[in-house]
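Engineer: heads up, no residue letters with this:
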Ligand SMILES: Cc1cc2nc3c(=O)[nH]c(=O)nc-3n(C[C@H](O)[C@H](O)[C@H](O)COP(=O)(O)O)c2cc1C
């Protein structure tokens, strides 16, 4: 997407379908473009006390047709336990370039085995991130000098996030715009 394209895009009133397509296209690009500002959204879950817990994650995969996003995590991590107890979660994206904030409500399923996890590990294993999933100690546990650095059993979980609804906000000098979008509805809202 060139800057010129973005400028023209902002100048024309958008059909709702065009806007939705553009939002999903940006998410799809962000999954494979590590310089895209949406590559690292915040994932907010709820802990056992009902308190919100947000952290940065890498957006790994986006399936536009299935309206599905995917993330990787250590299966022993707190976030995995949280979504197993309460699958409803929220993703927060902000792009200075687009001047777009996106808040996405999702339902998360945790996969720890099977073809999708094996395929994900196949991609990850050759990358520097592989070490993150080979640690013998669970994330968040105290660091001890005797801990071994790594073993050979990956602790990878694929978090599959099914889209429920989104709140899109665009900041613009000409007037901010906001929309609430579900799979079968679109409503303009006061920003
Ligand atoms: C730029 C960035 C990217 C990150 N990507 C991931 C990720 O893809 N998956 C992940 O589990 N943690 C990722 N983290 C670490 C999490 O933000 C968090 O600190 C860690 O997973 C522990 O979270 P939890 O205790 O809530 O499970 C990332 C952190 C940063 C700063």
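Structural biologist: Thanks, I have the structure now. Worth saying up front: this structure is predicted, and the values here are computed from it rather than measured.
Engineer: what residues does this protein put near the ligand?
Structural biologist: 40, 53, 55-58, 71-74, 77-79, 139-140 (CB under 6 Å from any ligand atom). C-beta coordinates here come from the backbone N, C-alpha and C atoms, glycine included.
Engineer: Mind doing that once more with 5 Å?
Structural biologist: Proximity of the chain to the ligand, by CB under 5 Å from any ligand atom, involves residues 40, 55, 56, 57, 58, 73, 77, 78, 79, 140.
Engineer: what's the first-to-last distance across stretch 92-105?
Structural biologist: End-to-end distance of stretch 92-105 (CA to CA, to the nearest Å): 9 Å.
Engineer: contact partners of it?
Structural biologist: Here stretch 92-105 makes contact (CB atoms under 8 Å, 6 or more residues apart in numbering) with 6, 23, 26-27, 30, 36-38, 41-42, 44, 54, 69, 88-91, 161, 163-172.
Engineer: how about stretch 27-47: buried residues?
Structural biologist: For stretch 27-47, burial by neighbour count (16 or more other CB atoms under 10 Å) applies to 27-28, 30-31, 36-39, 41, 43-46.
Engineer: Okay, the residue nearest to the spatial centre of the chain and residue 45: tell me how far apart.
Structural biologist: In the chain, the residue lying closest to the centroid (CA atoms, centre = their mean) is residue 59, at 4.4 Å. Distance, residue 59 to residue 45, using CB to CB, to the nearest Å: 16 Å.
Engineer: Residue 91 versus residue 101, what's the distance?
Structural biologist: With distances taken as CB to CB, residue 101 is found 11 Å from residue 91.
Engineer: got it, and residue 33?
Structural biologist: Noted for residue 33: a distance of 17 Å to residue 91, by CB to CB.
Engineer: hey, where'd the strands end up in this structure?
Structural biologist: Along the chain, counting by DSSP state E, strands occupy 42-46, 52-56, 61-63, 68-74, 88-95, 100-111, 156-170, 177-182, 186-189.
Engineer: Direction included, what does the fourth one pair against?
Structural biologist: Just to be clear, that refers to strand 68-74. Neighbouring strands of strand 68-74 in its sheet, by DSSP bridges, are strand 61-63 (antiparallel), strand 156-170 (antiparallel).
Engineer: ok now it, how far from the chain's centre?
Structural biologist: 7 Å (CA atoms, centre = their mean, to the nearest Å).
Engineer: among the residues of the chain next to the ligand, which are in helices?
Structural biologist: Among these, the ones falling in helices (DSSP state H) are 78, 79.
Engineer: hmm, which of the residues of the chain next to the ligand are the buried ones?
Structural biologist: 57, 73, 78, 79.
Engineer: Between all of those residues, which two are separated the most?
Structural biologist: For these, with distances taken as CB to CB, the pair at the greatest spread is 57 and 78 (12.6 Å).
Engineer: Of residue 101 and residue 91, give the one with the bigger neighbour count.
Structural biologist: residue 91 (24 against 15; other CB atoms under 10 Å).
Engineer: Right, I'll call it a day here.
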